[in-house]
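Trainee: Sequence and predicted structure below; questions after.
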Amino acid sequence: MEEINLLAEKLCAEHKLSVSEYEFLIKNRTNYVTEFLRQKAVDIRKSIYGNSVYIRGLIEFTNRCKNDCYYCGLRKSNLNCDRYRLEEKQIVACTDEGYELGYRTFVLQGGEDPFFSDEVLCSIIRKIKQNHPDCAVTLSVGERSEESYRALFEAGADRYLLRHETADELHYSKLHPEGMSFKNRMNCLSVLRKTGFAVGAGFMVGSPFQTEKELSEDLKFIETFQPEMCGIGPFIPHRETPFAREKSGSAELTCFLLSVIRIIKPNILLPATTALATLIPDGRERGILSGANVVMPNLSPLAVRKKYELYNNKVCTGEESARCRVCADKRMQSIGYQIVVDRGDMKSF
């Protein structure tokens, strides 16, 4: 008992541990250590961001994908997926509506859809920036070439989210088909950093074949790569994937890891994810109370929300954008936090 307590104190003092120490911390966490780290994470977050929670307007603009990842409902082998693509004018209209609702960051997320070439995406980015120059544009569109990343950055994109999914190469190979490369995924993250983006990484909690060892490697990767953003959420199976019968990840462990990540990198932008809210009704609140400081309500057109199904039973697919914003405000106020109208850039400390 004393060893795990000392390890938790060491993490808080040094903001880093060895891989074996992270593994021991996860395996042997107690209620006391979980609460101790949770409170430390909240104190750290409040010292930098106060009670402010940043919102990102999420626009899921295509559910077409060339990849066949074993965990994802958008995988190309899912013949029961009702595919769609939003047109530029629809995407821009979502940002116009979002701006009126107080959003100052827009996240354009989609599968790896070849239709959205650099030319098409750059046109969309420029239009959004032209209409709303005080806003940030975040992209989450997967692996692309260095030239592509540079073009998107030069068009005005500010941030890029590319979850690494797992920092263990063997584990990566168990989650993805041949042709998808762990080395390429990691190289893309490095190229994004070199290009000038604020970079977001992230991983699933409780994905198939994952043990405490793989999770400890994920934490070490976050510690060493130092992303500006980190998105983690529990694995939730999708009925049309090879992992359809696998168990969901743990909300409790996800919240514990949110606290640890906040302590590792005190000023990181850390979302309370939709997956966490899907697994438990108060998932967003529990994420914020564990050290997160970002929520991402959906700005996608109602007609397509149910079609962007990464996993089973995704929440918030039937609410209008204005209602999503009001709901987010009320949920955060209920736990003593306040959503702010702000780009929500990472602060120094």
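Mentor: Right, received. Where do you want to start?
Trainee: In the protein, which residue is most central in space?
Mentor: By C-alpha atoms, centre = their mean, the chain has its centre lying nearest to residue 231, at 2.8 Å.
Trainee: dump the residue contacts of the nearest residue to residue 305 once chain neighbours are set aside.
Mentor: Nearest non-adjacent residue to residue 305, counting by C-beta to C-beta, 6 or more residues apart in numbering: residue 317, 4.1 Å away. C-betas here are computed from N, CA, C, even on glycine. Contacts for residue 317 (C-beta atoms under 8 Å, 6 or more residues apart in numbering) come out as 298, 305, 306.
Trainee: Now do the longest helix anywhere in the chain: distance to the chain's middle.
Mentor: The residue-count maximum for a helix in the chain (DSSP state H) belongs to helix 31-49. Helix 31-49 has its C-alpha centroid displaced from the chain centroid by 20 Å (C-alpha atoms, centre = their mean, to the nearest Å).
Trainee: go on, stretch 342-349?
Mentor: 17 Å.
Trainee: contact partners of that stretch?
Mentor: 47-49, 52, 54-56, 104-105, 134-136, 198, 228-229, 266-269, 294.
Trainee: any idea where the helices of this protein begin and end?
Mentor: 2-14, 19-27, 31-49, 88-100, 118-131, 146-155, 169-175, 182-195, 212-225, 251-264, 274-279, 283-288, 302-305, 321-333.
Trainee: just for the stretch 101-250 of the chain, where's the confidence low?
Mentor: Scanning the stretch 101-250 of the chain for pLDDT under 70 picks out no residues.
Trainee: got the end-to-end distance for stretch 166-179?
Mentor: 17 Å (C-alpha to C-alpha, to the nearest Å).
Trainee: List of residues touching that stretch?
Mentor: 67-71, 165, 182-183, 185, 203-204, 207-210, 213-214, 217-218, 220-221.
Trainee: Please indicate which of those residues are buried?
Mentor: Applying 16 or more other C-beta atoms under 10 Å to those, the neighbour count classes 67-71, 165, 182, 185, 203-204, 207-208, 210, 213-214, 217-218, 220-221 as buried.
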